[in-house]
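Student: Quick one, structure for this:
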Amino acid sequence: MARTILLTHPACIEHDPGQGHPERPDRLRAILRRLDDPAFKALERREAPKASREQIARLHGQALVDEILDAVPASGRVALDPDTIMSPGSGEAALRAAGAVIAAVDAVIAGEADNAFCAVRPPGHHAEPGRPMGFCLFNNIAIGAAHARAAHGISRVAMLDFDVHHGNGTQAYAEDDATLFFASSHQWPLYPGTGAASEKGVGNVVNLPLRATSGSAEFRAAWESQVFPALARFKPELVMISAGFDAHRRDPLGGLQLVEDDHAWITRELSSIAKVHAKGRVVSTLEGGYDLDALAASVAAHVGALMAA
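Tutor: Just a heads-up that it's a prediction; the model follows:
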């Protein structure tokens, strides 16, 4: 059994984009209730620290970091775009979400754990280096990758994304740097409109656009034939996962047909590659997933696979 850390913080519930918004606080409540099950008693639970503005600025630049955090309202809400809305609790939530991934990177590199899951929000994979978007203020996984390189000298980081939406922000960070690897499976066409198979970066990006109604067979075949061989050739020193669960067949924002076992399968496969090349080091962070029951069950399958790795 792997040593697995769960990082989260109550502040991540206080980010509240408003009534009717899909990225609602109940998402995290549902996940944490499910992970309170005795099956997860072996999880080591840690409080997510706040990232510093300087750590986030490695990716987003100091001016943008200050602009976003200084715009957090004292009351009411502020819309950064039609989808990306901040409440008074959003600033601390965003700092804790990025800080969780940074702390997870520190822990797995120090050998305190084999892998980690960050149960945090707001999500991050749509946030580009130069702008927030798509429910995302800061790109948590890319901030963690930048930290691994700056603080630990990790030179080859792989970021894998199985959210139903393309991780455009993470790709924007990775696509010009051959020491980074990015792969994403996602419904096509769908928001944000990026992620065509022709988008290959400098040979370090693999996009797997899937038609609506695609299910387990198409999903698994795409990863097996295209991502796993490329990832093995890349030989990552650290494997990072953007764990979005909105490709589940019950999710209201997508049209793919995945089930919980698909999320367990992809987790096992990525963990196996990490064992060969990255000393087993895997850091995963929550992205999408908007049907509460499907989300909680899928996270349980994902975390269970991490614990069994």
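
Student: contacts, neighbours, all on C-alpha from now
Tutor: Noted.

Student: Let me know the pLDDT of residue 80.
Tutor: Per-residue pLDDT puts residue 80 at 98.

Student: Same question for the one 5 residues further on.
Tutor: Residue 85 is assigned a predicted lDDT (pLDDT) of 98.

Student: Name all residues that make contact with it.
Tutor: Residues in contact with residue 85, defined by Cα atoms under 8 Å, 6 or more residues apart in numbering, are 17, 77-79, 135.

Student: Looking at those residues, spot the one nearest residue 59.
Tutor: residue 135 (17.7 Å; Cα to Cα).

Student: Run a quick neighbour tally on the spatially closest residue to that closest one that is not a sequence neighbour.
Tutor: Taking Cα to Cα, 6 or more residues apart in numbering as the measure, residue 135 lies nearest to residue 84, with 4.4 Å between them; neighbours along the chain are not counted. Other residues lying near residue 84 total 18 when counted by other Cα atoms under 10 Å.

Student: Residue 84 contacts residue 137, doesn't it?
Tutor: Yes - assessed by Cα atoms under 8 Å, residue 84 is found in contact with residue 137 at 7.5 Å.

Student: Quick check: bridge partners of the most centrally placed residue in the chain?
Tutor: A centroid search over the chain (Cα atoms, centre = their mean) returns residue 242, at 2.6 Å, as the residue closest to the centre. In this entry, residue 242 is beta-bridged to residue 161, residue 285, by DSSP bridges.

Student: Which pLDDT value goes with it?
Tutor: At residue 242, the model reports a pLDDT of 98.

Student: any idea how far it lies from residue 120?
Tutor: The span separating residue 242 from residue 120 equals 12 Å under the rule Cα to Cα, to the nearest Å.

Student: Show me whatever sits in contact with both of the two.
Tutor: Taking Cα under 8 Å, 6+ apart as the criterion, residue 242 and residue 120 both touch 285-286.

Student: what about the helices in the protein?
Tutor: Assigned helices in the chain, in chain order: 26-35, 53-60, 62-70, 90-110, 140-152, 168-174, 216-222, 228-234, 260-277, 292-308 (criterion: DSSP state H).

Student: could you dump the ones you listed to TSV with mean pLDDT and mean neighbour count?
Tutor: As requested, the helices of the chain are arranged in TSV below (pLDDT from 0 to 100; neighbours: other Cα atoms under 10 Å):
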stretch	mean pLDDT	mean neighbour count
helix 26-35	98	18
helix 53-60	98	20
helix 62-70	98	15
helix 90-110	98	26
helix 140-152	98	23
helix 168-174	98	24
helix 216-222	98	15
helix 228-234	98	16
helix 260-277	98	19
helix 292-308	98	22
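
Student: Now distance to residue 286 too, for those helices, in JSON lines please.
Tutor: Rendered in JSON lines, the data for the helices of the chain read as follows (distance: least, Cα to Cα, whole Å):
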{"stretch": "helix 26-35", "distance to residue 286": "9"}
{"stretch": "helix 53-60", "distance to residue 286": "18"}
{"stretch": "helix 62-70", "distance to residue 286": "21"}
{"stretch": "helix 90-110", "distance to residue 286": "9"}
{"stretch": "helix 140-152", "distance to residue 286": "9"}
{"stretch": "helix 168-174", "distance to residue 286": "14"}
{"stretch": "helix 216-222", "distance to residue 286": "19"}
{"stretch": "helix 228-234", "distance to residue 286": "21"}
{"stretch": "helix 260-277", "distance to residue 286": "13"}
{"stretch": "helix 292-308", "distance to residue 286": "9"}
